[in-house]
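Q: Pasting the sequence and the predicted coordinates here, then a few questions.
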Amino acid sequence: VQLVESGGGLVQAGGSLRLSCAASGFYFEYAIGWFRQAPGREREGISCISGSDDVATYGDSVKGRFTISINNEKNTVYLQMNSLKPEDTAIYYCAAATSCRGSPFGSWGQGTQVTVSS
């Protein structure tokens, strides 16, 4: 399983970005999660989507602002991030697991930097 994130960048507060997670080496019977880690802070799970039924979950810090989706034809998972805040600044990673809950995320991408200026 290989995962490659893209779409990060610098944006002003209130702006939007769309991150992509391109997957290869497996079919979307797996779940894909998005995580982020800011300097000096622990890694935070922010969203996950099940490839089998498209059920999505969100962390409280991003609920209502971020949307996760799957394009099965392109083997890509997207994270649409709206109303960005400076505290969203972090390296964002996608990872694969057999399910969103109860199984470890064993395959990780290299990460993409998101910086939100105030």
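A: Thanks, I have it.

Q: mind listing what's buried in whichever strand or helix holds residue 68?
A: Assessed by DSSP states H and E, residue 68 sits inside strand 66-71. Neighbour-count burial for strand 66-71 flags 66-68, 70 (criterion: 16 or more other C-beta atoms under 10 Å). Placement of C-beta: from N, CA and C, glycine included.

Q: need the strands for the chain, in chain order.
A: Here the chain has its strands, by DSSP state E, at 2-6, 9-12, 17-24, 31-37, 44-50, 56-58, 66-71, 76-81, 90-97, 107-108, 112-117.

Q: hmm, back to that, so what secondary structure elements neighbour the strand holding residue 68?
A: Here strand 66-71 touches strand 31-37, strand 44-50, strand 56-58, strand 76-81, going by 3 or more C-beta pairs under 8 Å, 6 or more residues apart in numbering; DSSP states H and E.

Q: for it, what is the average pLDDT?
A: If you average the pLDDT over strand 66-71, you get 94.

Q: any idea how far that strand is from the chain center?
A: Taking C-alpha atoms, centre = their mean, to the nearest Å, one finds strand 66-71 lying 9 Å from the centre of the chain it belongs to.

Q: Other residues contacting that strand?
A: If you take C-beta atoms under 8 Å, 6 or more residues apart in numbering as the criterion, strand 66-71 is touched by 28, 32, 34, 46-49, 51, 54, 56, 58, 76-82.

Q: Please pick the buried ones from the residues you listed.
A: Among the contacts of strand 66-71, those classed as buried by 16+ other C-beta under 10 Å are 28, 32, 34, 46-49, 51, 56, 58, 76-79, 81.

Q: Closest one to residue 6 out of the residues you listed, please.
A: residue 76 (9.6 Å; C-beta to C-beta).

Q: Which residue is the nearest non-sequential neighbour of the closest one?
A: In space, residue 76 comes closest to residue 22 once its chain neighbours are excluded; the distance is 5.1 Å by C-beta to C-beta, 6 or more residues apart in numbering.

Q: And for residue 33?
A: Nearest to residue 33 is residue 48, by C-beta to C-beta, 6+ apart, at 4.0 Å.
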